[in-house]
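1. Structure for the following, please:
(2 chains)
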Protein chains: 2
Amino acid sequence: MTSRTTVRTGLPSGLAAHGKVTPPGTGSRESADGAHRVLARCRDLVRPSLAAAIGRLHPWQGEMAAFSLGWCEVGGAPSDGSREGKGVRQALAVLCAEAAGAPPDSAVAAAVAVELVHTFSLLHDDIMDGDGTRRQRETVWKAYGTGPAVLAGDALLALAVQTLAEAPGPLTAVAVGRLSETLSGLARGQAEDLLLAARPWTGPGAVRTDEYRAMAELKTGTLLGCAAALGGLLGGAPEPVVAALDRAGRHLGVAFQAVDDLLGIWGDPAVTGKPVHSDLRERKKTYPVLAALGRDDRRSAELAGILDSPVPLDEAGALRAAALVEACGGRDATLEEARHHLDAARVCLRSASLAPRAAGEIEVLLGFLLRRRM
Amino acid sequence: MTSRTTVRTGLPSGLAAHGKVTPPGTGSRESADGAHRVLARCRDLVRPSLAAAIGRLHPWQGEMAAFSLGWCEVGGAPSDGSREGKGVRQALAVLCAEAAGAPPDSAVAAAVAVELVHTFSLLHDDIMDGDGTRRQRETVWKAYGTGPAVLAGDALLALAVQTLAEAPGPLTAVAVGRLSETLSGLARGQAEDLLLAARPWTGPGAVRTDEYRAMAELKTGTLLGCAAALGGLLGGAPEPVVAALDRAGRHLGVAFQAVDDLLGIWGDPAVTGKPVHSDLRERKKTYPVLAALGRDDRRSAELAGILDSPVPLDEAGALRAAALVEACGGRDATLEEARHHLDAARVCLRSASLAPRAAGEIEVLLGFLLRRRM
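-> Take a look at the predicted model:
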């Protein structure tokens, strides 16, 4: 099914070389190991509270939530853990509390809340997008039905707010206010995403890359910014630091989405679990494609013709489309987009005076997220 | 289509006569007029803030929300207002703030929040229940699609929390905590409702009326209790009064659901907009039916046989089922359930020392809600 010769490593470790993919070397491996250690430490810290929160749900909703988190199979049998998410949002909350000089457990309520919100949004977005597969198994609506999946998402959303609202301390109202703004931002981002998907590839209604970026900032950046800001807030950081953490998270979200888009076309199917060129086959409007179409030449016209055709894209068609996206500069532009917003995130972080050790771990995490292969 | 001879007035004004329907007389009309005045006053007070909140939504979600509120048609053209809801929840919040001796506008943020939550829950419940019609027109998912309706519900839920979280004052965190508990309760109630619907009519797995009541308290009572409690809380009522208002609202919810169930079988189609005996035709597990089936005799066995049959219920079948529910005491038991919980709500209200005028208006509202015809 997959044409391995056309598959790049998907490693945006080539960021440094601006589009030239560097082989995964020792440095990259060490950095990935470091990131995995950081993520695992945060997951281990947060898990008991996250599990206790899930345990408060109606058992039916609790099973759907645990399934979605990769903790169990349909029916409730424990899973082997291979389908668990990375837990980037919870890690960001914990690290930002530490960066504010607070003990990591001060951010646990925030970490649980953002992880619950993330789980909610995957659940509902998969319904809206009609996606039947996630992390190489059925999505919740596919496995349990649309109605139950809507309900499980609602319960997770309520639980997220409840968890944060119950956190002790004088900052609870401010924290819940930030979380609710984030929820509104996510809903707005998802609306933009659905509307962009329905627009034409070319002509006056075509989607511009700046519109796509604004959508990505809402849909992905808002929650990463919220995770960072809530961690800082509950860790006692002053407002300007909280605001800087929020901005850093938003830039990280845009960069994260750009890397997702690269992996959606050039990712290694053996690692991502998706078919080669999957985003092109599904005709998703992603940054590389929009950037390529924005170039007004013969090749971008050919690309538009392929994408506009009602015929399903076969392997040869997807391969040709990927080559055209690259030839029109879509891949380079996306690498540049990721690099630019990663740099912007770093600038925001450096503007705040953060505890060095936590700041170093955040840096390890940022590097890993941009070089990730899935 | 409808057999008018079999249609009762649907007026549980017969509550006093325990199942004997009294003709709508002058007293009933005056009381209804009074209730309509109270509801209209509260709607007029809350509307600018509710409209401003809706105006913060993404325009697409805003249109779906306004459609659901009966403010506009599909496409956004203003509606004639005939499909607007009664606004019971917002009224309860406003009246309970006044009952605590506060000016009505102190409860506006709470009133907006509970009305948004109510709108959210109708939107998502209609998806889960597959209901295509509400207030004699298409439901949101039917008119706009399932995905957009899921998203509009999410946006409304987020907006509800945000609206309350932004309310000034020292009680914001407590208020948001109550709202988030309510959201969790609603999700739990909806889960129970879906699970009860899937259970058998008879045998060891049959649904008992106490299970149904527990579901109704969560699904309907939680939000009415929250509306009352938040009104009291933002109106400055002490905690025991807030707790009493919450309990009153929960009892009211159970009574409200019992009346809904009576109207679902014996309501006047010309008023309810639903076919005669609609709940029986849809084989809904409602209080009258469950109470009737709980009686172990020949007629309840005949009723179970009709309900268990895979054949769609025709008019004669639905008429026979309704007669059996009544003969088995299901109608009387439901009237008694409504009356009992209305009385319990009154006891809770009398236990709190409330401002007399507002307490009188709440009483008018309670009486009307139990005697309503739709």
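2. Show me which residues of the stretch 151-300 of chain A sit near chain B.
-> A:151, A:153-155, A:157-159, A:161-162, A:165-166, A:172-173, A:176-177, A:179-181, A:183-184, A:186-188, A:190-192, A:194-195 (CB under 8 Å from any CB of the partner chain). From N, CA and C alone the C-beta is placed, and that goes for glycine too.
3. residues making contact with stretch A:146-153?
-> The contact list for stretch A:146-153, computed with CB atoms under 8 Å, 6 or more residues apart in numbering or on different chains, reads A:60-61, A:64-65, A:68, A:120-121, A:123-124, A:126-127, A:139-141, A:144, B:124, B:127-130, B:146, B:150, B:153-154, B:187, B:190-191, B:194.
4. Try it again at 6 Å.
-> A:61, A:64, A:120, A:123-124, A:127, A:140-141, B:124, B:127-128, B:150, B:190 (CB atoms under 6 Å, 6 or more residues apart in numbering or on different chains).
5. export it as CSV, just CAs?
-> Presented in CSV, the C-alpha positions along stretch A:146-153 are these (Å, rounded to 0.1, in the frame of the first residue of the first chain):
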residue,chain,number,x,y,z
THR,A,146,-22.4,9.3,18.1
GLY,A,147,-24.9,10.1,20.9
PRO,A,148,-22.8,8.5,23.7
ALA,A,149,-19.7,10.2,22.4
VAL,A,150,-21.4,13.6,22.4
LEU,A,151,-22.4,12.9,26.0
ALA,A,152,-19.0,11.6,27.1
GLY,A,153,-17.5,14.8,25.7
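6. pLDDT averaged over that stretch, what's the number?
-> Stretch A:146-153 carries an average pLDDT of 97.
7. how about low-confidence regions in chain A?
-> Residues of chain A meeting the criterion pLDDT under 70: A:1-28, A:30.
8. now the farthest one out in it, which residue is it?
-> A:Arg298 (33.6 Å; CA atoms, centre = their mean).
9. and it, backbone torsions?
-> phi -60, psi -40 (degrees, to the nearest 10).
10. dump the residue contacts of A:Ala352.
-> A:Val241, A:Ala244.
11. ok, it to chain B distance?
-> Separation of A:Ala352 from chain B (CB to the nearest CB, to the nearest Å) stands at 25 Å.
12. A:Asp126 - that's part of a helix, no?
-> Yes. Counting by DSSP: H, G, I helix; E, B strand; the rest coil, A:Asp126 is located in a helix.
13. burial of it, as a residue count?
-> Using other CB atoms under 10 Å in any protein chain shown, A:Asp126 has 21 other residues around it.
14. How about A:Pro312?
-> Neighbours of A:Pro312 (other CB under 10 Å): 9.
15. before we move on, what about the one 4 residues further on?
-> Around A:Ala316 there are 9 other residues, counting by other CB under 10 Å.
16. from the middle of its chain, how far away would the strand or helix carrying it be?
-> If you go by DSSP states H and E, A:Ala316 is part of helix A:315-327. Mean C-alpha position of helix A:315-327 versus that of the full chain (CA atoms, centre = their mean, to the nearest Å) differs by 25 Å.
17. which other residues reach it?
-> By CB under 6 Å, 6+ apart, helix A:315-327 touches A:Thr6, A:Ile265, A:His277, A:Leu280, A:Arg281, A:Pro288, A:Val289, A:Ala292, A:Arg299, A:Glu302, A:Leu303, A:Ile306.
18. Just the buried ones from those?
-> Buried by 16 or more other CB atoms under 10 Å in any protein chain shown: A:Ile265, A:His277, A:Leu280, A:Arg281, A:Pro288, A:Val289, A:Ala292, A:Arg299, A:Leu303, A:Ile306, out of the contacts of helix A:315-327.
19. From the residues of the stretch 151-300 of chain A next to chain B, which land in helices?
-> Secondary structure defined by DSSP state H assigns A:151, A:153-155, A:157-159, A:161-162, A:165, A:172-173, A:176-177, A:179-181, A:183-184, A:186-188, A:190-192, A:194-195 of these to helices.
20. Which residue comes closest to the residue of the stretch 201-350 of chain A found nearest chain B once chain neighbours are left out?
-> Per CB to the nearest CB, A:Leu218 is where the stretch 201-350 of chain A lies closest to chain B, at 9.7 Å. The shortest distance from A:Leu218 to any non-neighbouring residue, by CB to CB, 6 or more residues apart in numbering or on different chains, is to A:Gly189 (3.0 Å).
21. Also A:Leu92?
-> A:Ala227 (4.3 Å).
22. OK, contacts around that neighbour?
-> By CB under 6 Å, 6+ apart, the contact set of A:Ala227 is A:Arg89, A:Leu92, A:Ala93, A:Val114.
23. do A:Cys72 as well
-> Contacts of A:Cys72 by CB under 6 Å, 6+ apart are A:Ala66, A:Pro78, A:Ser79.
24. Of those, which is the most crowded?
-> Going by other CB under 10 Å, A:Ala66 tops the contacts of A:Cys72 with 20 neighbours.
25. name the element that one belongs to?
-> Taking DSSP H and E as the criterion, A:Ala66 maps to helix A:59-68.
26. Next secondary structure element downstream of that helix?
-> helix A:88-99.
27. Residues touching that following helix, excluding its own?
-> Under CB under 6 Å, 6+ apart, the answer for helix A:88-99 is A:39, A:42, A:46, A:104, A:106-107, A:110-111, A:114-115, A:118, A:227-228, A:230-232, A:234-235, A:245, A:354-355, A:358-359, A:361-362.
28. All set, thanks.
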